[in-house]
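# Return atomic coordinates for the entry below.
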Amino acid sequence: MSLLPGFVQRRVRASGAAINLRIGGEGPPLLLLHGYPQTHVMWHKVAPQLARDYTVVCPDLRGYGDSSKPRGLPDHSNYSKRAMALDMVEVMESLGFVAFHLVGHDRGARVAHRLARDHGRRVRTLTVLDISPTLKMYESTNMQFAKAYYHWFFLIQEAPLPEKMISSVGINYILTRLGRGKSGIKVFDRRAMAEYARCFDAHATCEDYRAAATIDLVHDRKNRQKITMPVLALWGRQGVIAALFNCLQDWREVATDVRGRALPCGHFIPEERPRELVEELRRFCNR
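Reported below is the predicted structural model:
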């Protein structure tokens, strides 16, 4: 993919899935986890800049991109954030990295949060982009949130209804999700959007959300001990998180060392404000 020049494609067999990734650069390892409905390509404005200082690993999460897309189990456990986080730990180990900086956007930030909980010694720093913790968001649900994030409640409905409805609209559904901010779709590279559409799997991504509304909440409620690595929370000033949540306070409820701020953009920070994001990450990871 020409959007990530100098990056090498690899495929790593983890215990639960085959993970597609690209790796490039030199220096301390930095793992970037994408969000919905995207793939590792979403980092194309950010990863090459970071690769000047870090060894940057950009995988496709289980169920996304060119990684495995298994059929969901009845309890959705094979799409739990615990399972997806373990994929990433095993990927990084296979590349020779025991500890690493960790950045996640959207769904990837939820995987990153679980990784930090389950494998905290591996995470040097954690950066979460435009989310509050999953449990906090579900427990704070009101009419405003349900209308803004209707897809959270649509995608978790029993299969195959949401899958059939999404498949019937195809690329238009992807464009609707990408273009919901003030900038529409003009900030997105057409080649990246073509990749998102090519790789999108309705069932796999529904299973991700079904897991978030069921087994992930069980895991979150069982372990409320705060994570202790440094956490950077960044969110878009024009987005739902800024409007309906207190992002810094929400993360301080689950972590001991939190800093962060709003950026002048919507939800898709890496594609809307890549320069500012790179600057924030360099400052935070190098401190």
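# drop to CA atoms for contacts and neighbour counts, all remaining ones
OK.
# The nearest residue to D118 once chain neighbours are set aside: which element?
Excluding its sequence neighbours, the residue lying closest to D118 (Cα to Cα, 6 or more residues apart in numbering) is R82, at 7.6 Å. Element membership for R82 (DSSP states H and E) is helix 81-94.
# which parts of that helix are buried?
By 16 or more other Cα atoms under 10 Å, the buried positions in helix 81-94 come out as K81, R82, A83, M84, A85, L86, D87, M88, V89, E90, V91, M92.
# can you give me the helices in the stretch 101-250 of the chain?
107-118, 134-139, 143-148, 150-154, 161-169, 171-178, 190-199, 202-212, 215-222, 240-244, 247-252 (DSSP state H, counting those that start in this stretch).
# Summarise which helices and strands the third one is packed against.
If I follow you right, that is helix 143-148. helix 240-244 (3 or more Cα pairs under 8 Å, 6 or more residues apart in numbering; DSSP states H and E).
# got it, and the fifth one?
Helices and strands touching helix 161-169, by 3+ Cα pairs under 8 Å, 6+ apart, are helix 202-212.
# So which residues make contact with the helix it packs on?
The contact list for helix 202-212, computed with Cα atoms under 8 Å, 6 or more residues apart in numbering, reads 36-37, 63-64, 69-72, 75-77, 79-81, 134, 152, 155-157, 159-160, 162-163, 166-167.
# Of these, keep whichever come out buried.
36-37, 63-64, 69, 72, 76-77, 79-81, 134, 152, 155-156, 162-163, 166.
# Quick check: mean pLDDT of stretch 40-47?
Computed over stretch 40-47, the mean pLDDT rounds to 98.
# In that stretch, which of the residues would be classed as buried?
Within stretch 40-47, the residues that count as buried by 16+ other Cα under 10 Å are H40, V41, M42, W43, H44, K45, V46, A47.
# ok, the second one - contacts?
By Cα under 8 Å, 6+ apart, the contact list for V41 reads L3, L4, A192, E195.
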